[in-house]
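# Fold the following, please.
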Amino acid sequence: AVSVNTDIYLVMGANIGTSITNTIVSMGQMGDGAQLERAFAGATVHDLFNLLSVAILFPLEVISHYLYHLTNAMLPDSVGDGEK
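This next block holds a predicted model:
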């Protein structure tokens with residue numbers, strides 16, 4: 001099992017990883033110029049949203065552990081390690 005503290009950083013890394021993926025997928029619309037323009041614009045907005053959210057939340061997490069404390073507040077006290 002992966003700890004909550006590690007999961008926070010894994011989710012941030014996944015956000016950066018999907019940014020690369022959607023840009024590659026948008027390039028699949030090369031056959032139609034208008035469609036490519038819309039797909040690439042959507043991918044760019046998605047990229048910026050993910051990058052900005054990580055740029056804001058990563059330093060906040062490193063300094064204050066805000067996401068860790070927020071996650072612990074949402075988890076029930078009765079769930080132990082390895083329970084489903």
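# Quick check: which helices or strands does the biggest helix by length in the chain pack against?
Longest helix in the chain, counting residues (DSSP state H): helix 33-64. In terms of contacts (3 or more CB pairs under 8 Å, 6 or more residues apart in numbering; DSSP states H and E), helix 33-64 is packed against helix 4-26, helix 66-74. No exception for glycine: its C-beta is placed from N, CA and C like everyone else's.
# let's see 6 Å
Judged by 3 or more CB pairs under 6 Å, 6 or more residues apart in numbering; DSSP states H and E, helix 33-64 is in contact with helix 4-26.
# mean confidence for the helix it packs on?
What helix 4-26 shows for mean pLDDT is 90.
# For the residue nearest the centre of the chain, which residues are in contact?
The chain has N15 as the residue nearest its centroid, 2.6 Å off, counting by CA atoms, centre = their mean. Neighbour list for N15: N50, V54 [criterion: CB atoms under 6 Å, 6 or more residues apart in numbering].
# count of neighbours near N50?
Using other CB atoms under 10 Å, the number of residues around N50 comes to 19.
# actually F58, not the one I wrote
Using other CB under 10 Å, F58 has 14 other residues around it.
# if I pick it, what's in contact with it?
Here F58 is in contact with M12 (CB under 6 Å, 6+ apart).
# So for it, what's the pLDDT?
Value for F58, per-residue pLDDT: 96.
# and it, how far is that from T21?
With the distance defined as CB to CB, to the nearest Å, F58 ends up 20 Å from T21.
# same thing with A43?
9 Å.
# if you count what's nearby, which of those two comes out ahead?
Neighbour count, other CB under 10 Å: between A43 and T21, A43 has more, with 20 against 11.
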